[in-house]
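Student: build me a model from this:
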Amino acid sequence: MNKFLILSICLLVFGCSDKRNKDSDEHHVDHSNHSKNIEAGTPGKQVKSPHTATMANIGENHIHIDYSSPRVRGRQIFGGLVAYGKVWSTGAHMATSISFSQDVTIGEKVVSAGKYGLFTIPGEEEWTVILNKNWNQHLADDYNPEDDILRLNVIPIMQEKSFEELTFEVLPKNGNSGTIRFQWNKTAFEFSISNK
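Tutor: Next up, the predicted model:
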């Protein structure tokens with residue numbers, strides 16, 4: 001009877017120990033997967049408007065544009081998702097910003113080195129490009145025209161090719177001047193800048 005009792009106790013102890021090891025392994029695996037989910041985001045989902053940037057030097061002037069790039073995803077963009085005649089952050093999430101390491105001339109206006117919000121007012125026949133002192137704001141929620149330092153009218157360019165992703169480019173022309181180019185869906189615009 002004592003041998004049977006000892007054998008039962010041994011089996012019980014080894015069985016519990018084995019279960020604890022399995023539980024520990026499963027617990028470790030769960031945390032491992034949780035860690036991957038935190039790092040990579042929800043599996044199978046992509047960020048709809050990823051944060052991105054573009055930059056280039058025009059001479060010694062470093063131009064840097066920070067923006068979130070939404071996708072068309074089958075939607076009507078201008079005159080639909082993006083209203084005509086209203087101030088737009090020219091991207092998604094936080095307002096698009098542009099910075100210059102040196103003073104530049106845009107149109108006939110000298111813009112001091114620094115960082116600015118880059119807003120636009122889209123129109124069917126004309127867009128207004130705006131540089132605003134308040135670059136750190138969500139969409140155009142806190143936009144205040146009193147903080148504008150530049151307003152420039154540009155003619156939109158209609159393209160045959162559709163661009164799924166909202167894109168900015170800084171295009172140097174020579175050592176002293178260049179172009180800022182925007183395109184999304186079938187609409188583009190650009191404006192020239194030059195070093196002061």
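
Student: going by C-alpha atoms from here, please, whenever you check contacts or count neighbours.
Tutor: Fine.

Student: what number of residues lie near residue 82?
Tutor: Neighbourhood size, residue 82 [other C-alpha atoms under 10 Å]: 17.

Student: give the contact list for it.
Tutor: 88, 122 (C-alpha atoms under 8 Å, 6 or more residues apart in numbering).

Student: longest strand anywhere in this protein?
Tutor: When the chain is parsed with DSSP state E, its longest strand is strand 177-195.

Student: then that strand to PDB, C-alphas only?
Tutor: Taking Å, rounded to 0.1, in the frame of the first residue of the first chain, the C-alpha atoms of strand 177-195 are listed here in PDB:
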ATOM      1  CA  SER A 177      16.700  77.500 -57.400                       C
ATOM      2  CA  GLY A 178      14.300  74.600 -57.500                       C
ATOM      3  CA  THR A 179      10.700  73.500 -57.500                       C
ATOM      4  CA  ILE A 180       8.300  72.100 -54.800                       C
ATOM      5  CA  ARG A 181       6.000  69.600 -56.500                       C
ATOM      6  CA  PHE A 182       2.700  68.100 -55.100                       C
ATOM      7  CA  GLN A 183       0.700  65.300 -56.800                       C
ATOM      8  CA  TRP A 184      -2.200  63.100 -55.800                       C
ATOM      9  CA  ASN A 185      -4.800  61.300 -57.900                       C
ATOM     10  CA  LYS A 186      -4.700  63.200 -61.200                       C
ATOM     11  CA  THR A 187      -3.900  66.600 -59.800                       C
ATOM     12  CA  ALA A 188      -0.600  68.300 -59.300                       C
ATOM     13  CA  PHE A 189       0.800  71.700 -58.600                       C
ATOM     14  CA  GLU A 190       4.200  73.200 -58.200                       C
ATOM     15  CA  PHE A 191       5.900  76.500 -57.200                       C
ATOM     16  CA  SER A 192       9.400  77.800 -57.600                       C
ATOM     17  CA  ILE A 193      11.800  78.700 -54.800                       C
ATOM     18  CA  SER A 194      15.200  80.300 -54.900                       C
ATOM     19  CA  ASN A 195      17.900  81.000 -52.400                       C
END
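
Student: I'm done for today, thanks for sticking with me.
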